[in-house]
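> using only what follows, build the 3D model:
(2 chains)
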Amino acid sequence: GQQVMQIPQYQHVQEGEDFTTYCNSSTTLSNIQWYKQRPGGHPVFLIQLVKSGEVKKQKRLTFQFGEAKKNSSLHITATQTTDVGTYFCAGPVGNQFYFGTGTSLTVIP
Amino acid sequence: EAQVTQNPRYLITVTGKKLTVTCSQNMNHEYMSWYRQDPGLGLRQIYYSMNVEVTDKGDVPEGYKVSRKEKRNFPLILESPSPNQTSLYFCASMNPAGTENNEQFFGPGTRLTVL
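Okay, here's the model as predicted:
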């Protein structure tokens, strides 16, 4: 069946270091979304990528959608303690949504 | 304020005792969905609904039922809960797939424990 894997599962960084999470789907996706879930909270939408090879930036966050539309990455430059949380990618296959397994980011002050 | 609400937020129950988790959205969204979140597995879709009276199975529908009698409400029903349904449940809504922005809005979550 459809699977969306993310690596790493956990990442601990010193504040100011960069962070990257990778998302890989077993099938081609029409678009990919990224969500952030703070500890004890609910997922909150960050961005959607639609085009093959698309790159979008939000301040220190850079999102990329692979050429084959099966993989994506989120890169955070110079992490801050406010970046703590779990980051999920998600994409639709037909009318169903598949979420990645998530990457939990801890930022050490 | 645009939001998705869920009730209850926390629930401890016993095996076999039927329960319902309510979900309501005030954004006039057509698409609504239920997910369960378990450590290491991310969010898995249980059921989704494209519109009123239209529901479909997601990835993990066994042991769950849903209904969509009104656009704003999408309750999740566990007819005979079992311990393996202990999880964190999220309801979400969005404009339907195919529109430009498929942002899903999530409720605050319901933490269910089945003893």
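
> quick check: A:Gly85 touching A:Lys36?
Yes. Applying Cβ atoms under 8 Å, one finds A:Gly85 in contact with A:Lys36, separated by 5.1 Å. Placement of C-beta: from N, CA and C, glycine included.

> where does the chain dip in pLDDT?
I'll assume chain A. For chain A, not a single residue meets the criterion pLDDT under 70.

> my bad, the chain I had in mind was chain B
B:96-100.

> without its sequence neighbours, what residue ends up closest to B:Gln37?
What sits nearest to B:Gln37 in space, not counting adjacent residues and going by Cβ to Cβ, 6 or more residues apart in numbering or on different chains, is B:Leu88, at 4.5 Å.

> A helix includes that neighbour, no?
No. With DSSP: H, G, I helix; E, B strand; the rest coil as the criterion, B:Leu88 is assigned strand and is not in a helix.

> enumerate the beta-bridge partners assigned to it.
Beta-bridge partners for B:Leu88, by DSSP bridges, are B:Gln37, B:Arg111.

> more neighbours: A:Gly85 and A:Lys36, which one.
A:Gly85 (21 against 18; other Cβ atoms under 10 Å in any protein chain shown).

> do you know how far that one is from A:His42?
Distance from A:Gly85 to A:His42, counting by Cβ to Cβ, to the nearest Å: 11 Å.

> which residues sit in contact with the closest residue to B:Gln85 other than its chain neighbours?
The shortest distance from B:Gln85 to any non-neighbouring residue, by Cβ to Cβ, 6+ apart, is to B:Val114 (5.4 Å). Contact partners of B:Val114, counting by Cβ atoms under 8 Å, 6 or more residues apart in numbering or on different chains, are B:Thr13, B:Val14, B:Thr15, B:Pro81, B:Ser82, B:Pro83, B:Asn84, B:Gln85, B:Thr86.

> and the residues you listed, which are buried?
Using 16 or more other Cβ atoms under 10 Å in any protein chain shown as the burial test, the contacts of B:Val114 include B:Thr13, B:Pro81, B:Gln85, B:Thr86 as buried.

> of those residues, closest to B:Asn102?
Comparing those against B:Asn102 with Cβ to Cβ picks out B:Gln85 as the nearest, at 27.8 Å.

> do you know how far the closest one is from chain A?
19 Å (Cβ to the nearest Cβ, to the nearest Å).

> quick one, phi/psi of that residue?
Its backbone dihedrals place B:Gln85 at phi -100, psi 0, with angles given as degrees, to the nearest 10.

> quick one: contacts for it?
B:Gln85 makes contact with B:Arg36, B:Gly63, B:Tyr64, B:Leu78, B:Leu112, B:Val114 under the criterion Cβ under 8 Å, 6+ apart.

> the fourth one: neighbour count?
Neighbouring residues of B:Leu78 were enumerated by other Cβ under 10 Å; the total is 21.

> and for the third one?
The number of residues packed near B:Tyr64 is 20, by other Cβ under 10 Å.
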